[in-house]
Each structure stands twice: as C-alpha cells, then as structure tokens.
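Undergrad: pasted the sequence and its predicted model underneath.
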Amino acid sequence: MAKSLLKEQHTESLNIKADFPLLVRQPSLVYLDTASTSQKPQCVIDALVSFYETSNANAHRGVYKLSNKASNCLEDARSCIASYLGAQSEQEIIFTKGTTESLNIIAKSFLKNRLNSGDRILLGGAEHHANIVPWQVVARETNSVIDYIPILEDGSLDISSIEKLISPKTKIISIAHTSNILGTTNAIKEITNIAHKYSIPVAVDGAQSVSHQEIDIKELDCDFFTFSGHKAYGPMGIGVLYARSEYLEEMSPFLTGGGMIEEVNLDHSTYVSGPQKFEAGTLSIADAHGLATAIQYIQNIGLDKVANHERSLTEYAEQKLNKIEGLNLIGPLSNRPAPIFSFTLDGIHPHDIATILDDQNIAVRAGHHCSQHTMKRFNINATIRASFGIYTTYSDIDALVDGIIYAKKLFNK
Amino acid sequence: MSSLLELYQEIIIEHSQFPRRSGRLPEPTSSTSAKNPLCGDLVNIDVKIEDSIIKDISCESSGCAISTAAASIMAEEVVGKEINAAIETCKKFITSLKTGDENLSDTTELKVFCKVSEYPTRVKCASLSWQSLLKVLENLES
Ligand SMILES: Cc1ncc(COP(=O)(O)O)c(C=O)c1O
C-alpha cells in the first residue's frame, strides 16, 4: 500500500518521459541502458537545432556579430558547467569529446611530464577501461607501475588500504566517482584527504555520477574531474575536463593547431593559457550549448528530486531483483548508492537474457561493460546490466522483472 | 511462434544444457581455441583425423546457449565425415547464419540456427566454433 502510494507520487511529480521524444515515440520501449548513454530531452535537441538555425559561426575567429554570438554561446556553456560543478572559475573547464578524451589528456598532458622510472599510479580496482588504458600507456612509456585499490565483496573500495598502497613514488590517484558496474559511489572526499596529505593529485571519473547527484568539486576537493555529456542527457561527442587551475597551467598541450596558439613562428610557437590551450581546432559549439541546456534541464527539475526519484527506483528494484531465485547481484545487496544493477542468473548466459529481453523491447546491456578485470574480480565473464535515469518508471522495473522470469521459464530454470 | 521462441527452440536449450561430445580429447591430431571478446564466449576444439576422416571431435565451450549449442551440434554433425565434406557443411552452415537460408542445411538441428540471422549481434555466437573448425580443416587440406 505504502509502496503503491509512493509509486504514484513519483510518477506524478516526475512525469519525465513526456520530455523525451524517443521515449514518447516508442512507448513500448523499456530503456534500461542509461549508464551507456542517456536519452535526450526535447530541450536539448531543440538547443542543437536552434544553434545551427540562429547562431552558427566559428567562435573566437571573427569580429562580426554572428561570430561573437557563437563565442558567447560557447563561453556561456563553460560558465554554466563551471557553476554546476562548483569550480572556482570557468577557466578550469576544458571541452573535450568525453570522459575518455578527458582522462587521456590528464594522463598524457599532465601526468606523463611528472613521471620518472619507478614511479607509481594508483587506480581503483573496478575502473572502466577508459580509466585504465591511458595510464597503462604512459606507465609503459615512462617505466612506471600501476597499483590498484582492492574491491571488497560488497563492491566497495577498500579505502583502508590506500595509505598502505601509496608511497613517495605515487604520482596520481585516479578513481571513478560511481562505478558503471557495481552501482557503488566512492568516498572521494576521504580519498582526497589522504592523497593531499602526501601532495598526490586526485583525478575523478565522473561519467556515472554527474546528473544523478549534486557535484561539488570544492567539497570533493579533487584536482581533476571528467564526464561525458551524452550520459547526462546531453549530446554525444562533447565532454568536460575540469582541472584545478595550477595544474591546468602546468599541463602541456594535447592536440595542437589553430585556436590554442599565441604566436606561431616558422620554427616554434607559443600557446595561449587557460582551457583554450587544450581546445585546438574547431569545437562543437552546438554540442557544448546542448550540454549546458541538459544541465539546466536537470537543475530545473532539481538534483535533490532527481536523486530521490532514482533512490526510490533503486530500492524498488533491489527488493524485486533480490526476490528472483538464482539471480546474483554483483556489488551491494541493499542500499545501493547508484541506479546501476549488474547481475547474473544461474544457468543462463547474460547474452541469452539480453536477447530474450530485447524481444520484449527491454533494452539492457550484457557483457563485460568495458571492465574485464572487474568481471575477473567477481569470477564471472559477463553480467546483465540494467541502469536507470530520471525517466525510468516503476513499471519499467516491473517489465524487467517479468522479462527475467519469462527467460527463466524458457530455460526451465 | 515468435522468432525468439523459434531461436530458443528446445533443441538449442537442450544442447546448451547437455552439450554432446563435450570436453577434451586425450590424443587429438589438431586443436584450436576461439574467443568472442564481446560475449566472453570461449571454445576449445579437439579433432582426431585418420585417413582424411574426422574419427573423433570434442568441444569444450563456455558461453551463451547459442554458442554452446552450436558447438555441440557441430560436433555431432561432422564426426565421421571426410574432411572435404565437413568443410562443405561448415561453409553452408556459416552462410545460412548470415542469409537465413534454411535450404542450405540438411538437418533439423542445423535449420534451427537460420533464425539467428534475425539477431545480427548473435551471429558471432553461433558461428564461433564453426569458423574455428573450418580454419583447422582448411589448413589440413592445404
Ligand atoms: C565510469 C565510466 N568511465 C568512462 C566511460 C567512458 O565514457 P565515454 O565513452 O563517453 O568517453 C564510461 C562509459 O561507459 C564510464 O561508465
């Protein structure tokens, strides 16, 4: 009774599906793959169209009014993101293609310059490949070593081991804010407290936390923060790298070319300072504008409301999934911090489940989710993953549960 | 019947739960293994060939129902066949997975897999063991 009341309140207070044209046009689609990419609200799609219809010009390149308009559009987006993340200044916000590019920039333009043979890099034990491979590349190039913070059975990070794992040779800690597999959220503040005692910079992969909870970089006290627009109701192809200003100034350029130079001579060039140093070439201003629109969209709904809605969905899903016999949740069994559920089913391979669910128009992901070592940690090859967003409803979760039960029947389980 | 139910016919479920000729051979004349990194499907195939005949074959697979059943059915299908005939069967089967052409397959077991063509992401699962066996046999022939 209490639950159904709660259900109604939420679907009423957040009748969000109506804002998402793809979900409106495909009412039978149960989209449970927001952790891969979110659907886009109408206002974001409109923002893209409107930019091209009213403001399209290259930024910072022309003296004419239209070019100024485009430049303002880009810089407004930068300010919007800076204020959303709680950065000190918009000069700390670099536009990138996404989390992957942002992490590559930290590895190659910041850390590599600081690494000497025998130095160490400390990573979380359940990172996305995007937060492993760039570090492996610079480690190989500099003869450095990567250490991993162990993951406990409930999916949480063994924070108590950090102090033992770091040494004067540790040059960075890079860690996901929220795991794309385990649905856990790491205690970044605790990690930065420890790291900063030893003057170690901390990079945070925020791909799965932005747009699900309030982000305050000052509070997290991290030195770098990365995320992708497309997982946060924004367009594909745009993302963000926040870099603390002192580190940003220290970093060498990533891509080079137009837009990031101060003066070009035939034998050498000097670079501008600030985020533009990392934004060579023409940026996608339309997508930056779209991302700012997405952020304003969730701010207008209210991040506390978003978080409450997703928490109720998560609790509901937890209860329902835990009741299915033979279903094994990876990570916490209860009080899961983030709306991401990875699980296996006894005797049925995740890909078979995903195909059977797809036949009922339920979109989930199956596989290793770009984190093969996390699969190994839990002695599995693959999982099914269902992840939620602001438009997810209780009936989406009911459909998932019914779909799983149907699959079990098909397999005589 | 929906095409999904056709895909997951009893034959596939049954073979995936009780795969035939499963495990490793003690003295294979050739062995191979193949992986589908997307799914994590893994198959080890051992064959014993005498006088150009597949005298024995065994598949050890871990993966989805479709890949496990495909390996099990393949083993039953090719055992006792002459190499060239087996190559022909492999080629026809792999084509039928892509085109959905039932006429390419002789047995009910093989025809079941034609439905996989409607699920492009799963074609790799069904073809994994067959592609690997085909490579082994073609190498023996050349
Ligand atoms: C935790 C995490 N980090 C990084 C990424 C990579 O993001 P992108 O592909 O947008 O660069 C993802 C995407 O799945 C992710 O979940």
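TA: That came through, no problem.
Undergrad: average pLDDT for the helix or strand containing residue A:174, rounded please.
TA: Assessed by DSSP states H and E, residue A:174 sits inside strand A:170-176. Averaged across strand A:170-176, the pLDDT comes to 98.
Undergrad: same check, this time on stretch A:361-374
TA: pLDDT averaged over stretch A:361-374 gives 88.
Undergrad: ok, now which ones touch residue 80?
TA: I went with chain A, as the question did not name one. Shown in contact with residue A:80 (CB atoms under 8 Å, 6 or more residues apart in numbering or on different chains): A:292, A:295, A:296. For every residue, glycine as well, the C-beta is placed using N, CA and C.
Undergrad: sorry, I should have been clearer: chain B.
TA: B:53, B:54, B:55.
Undergrad: PyMOL command for the buried members of those residues?
TA: Buried residues within those, by 16 or more other CB atoms under 10 Å in any protein chain shown, are selected in PyMOL with:
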select buried, chain B and resi 54
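Undergrad: nearest to residue B:126 among the contacts of residue B:80?
TA: residue B:54 (20.2 Å; CB to CB).
Undergrad: the closest one looks like it's in a strand, true?
TA: Yes: using DSSP: H, G, I helix; E, B strand; the rest coil, the assignment for residue B:54 is a strand.
Undergrad: quick one on the thing from earlier: turn the contacts of residue B:80 into JSON lines, including pLDDT.
TA: Below are these laid out as JSON lines (pLDDT from 0 to 100):
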{"residue": "B:53", "pLDDT": "95"}
{"residue": "B:54", "pLDDT": "96"}
{"residue": "B:55", "pLDDT": "96"}
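Undergrad: dump the contacts of residue B:80 to a markdown table, plus distance to residue A:351.
TA: What follows is the contacts of residue B:80, written out as a markdown table (distance: CB to CB, whole Å):
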| residue | distance to residue A:351 |
| --- | --- |
| B:53 | 35 |
| B:54 | 29 |
| B:55 | 33 |
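Undergrad: just the contacts of residue B:80 that are near the ligand?
TA: Among the contacts of residue B:80, none lies close to the ligand by the criterion of CB under 6 Å from any ligand atom.
Undergrad: near chain A, from the contacts of residue B:80?
TA: Taking CB under 8 Å from any CB of the partner chain as the test, chain A is in contact with none of the contacts of residue B:80.
Undergrad: whatever helix or strand residue B:61 lives in - contacts with which helices or strands?
TA: According to DSSP H and E, residue B:61 maps onto strand B:53-62. Counting contacts by 3 or more CB pairs under 8 Å, 6 or more residues apart in numbering or on different chains; DSSP states H and E, strand B:53-62 packs against strand B:41-50, helix B:65-78, helix B:83-99, helix B:123-141.
Undergrad: nearest to residue A:359 among the ones you listed would be which one?
TA: When these are compared by CB to CB, helix B:65-78 sits nearest residue A:359, at 13.8 Å.
Undergrad: any part of the closest one near chain A?
TA: Yes: judged by CB under 8 Å from any CB, helix B:65-78 and chain A are in contact via B:65, B:66.
Undergrad: returning to that earlier point: which of the contacts of residue A:80 fall within helices?
TA: Cross-referencing the contacts of residue A:80 against helices under DSSP state H gives A:292, A:295, A:296.
Undergrad: got those as JSON lines, with neighbour count, distance to chain B and pLDDT columns?
TA: Formatted as JSON lines, the ones in helices among the contacts of residue A:80 follow (neighbours: other CB atoms under 10 Å in any protein chain shown; distance: CB to the nearest CB, whole Å; pLDDT from 0 to 100):
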{"residue": "A:292", "neighbour count": "24", "distance to chain B": "35", "pLDDT": "98"}
{"residue": "A:295", "neighbour count": "23", "distance to chain B": "33", "pLDDT": "98"}
{"residue": "A:296", "neighbour count": "15", "distance to chain B": "36", "pLDDT": "98"}
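Undergrad: so who does whichever residue of chain B sits closest to the ligand touch?
TA: Proximity of chain B to the ligand (CB to the nearest ligand atom) peaks at residue B:38, 15.2 Å away. Neighbouring residues of residue B:38 by CB under 8 Å, 6+ apart: A:367, B:121, B:124.
Undergrad: who wins for most neighbours among those?
TA: residue A:367 (20 neighbours; other CB atoms under 10 Å in any protein chain shown).
Undergrad: hang on, that residue packs against residue A:382?
TA: Yes: using CB atoms under 8 Å, residue A:367 makes contact with residue A:382 at a distance of 5.1 Å.
Undergrad: what residues are shared contacts of those two?
TA: Contacts common to residue A:367 and residue A:382, judged by CB under 8 Å, 6+ apart, are A:350, A:351, B:39, B:40.
Undergrad: tell me, how many residues neighbour the second one?
TA: To tie it back to what came earlier, the one meant is residue A:351. 26.
Undergrad: likewise for the first one?
TA: Using other CB under 10 Å, residue A:350 has 25 neighbouring residues.
Undergrad: so what's it up against?
TA: Neighbouring residues of residue A:350 by CB under 8 Å, 6+ apart: A:344, A:366, A:367, A:382, A:383, A:384, B:39, B:64.
Undergrad: for stretch A:171-185, how far is the first residue from the last?
TA: 23 Å (CA to CA, to the nearest Å).
Undergrad: that one vs chain B: in contact?
TA: No: using CB under 8 Å from any CB, stretch A:171-185 never reaches chain B; the gap is at least 14.1 Å.
Undergrad: do that stretch and the ligand come into contact?
TA: Yes: remark: stretch A:171-185 sits within contact range of the ligand at A:176, A:180, by CB under 6 Å from any ligand atom.
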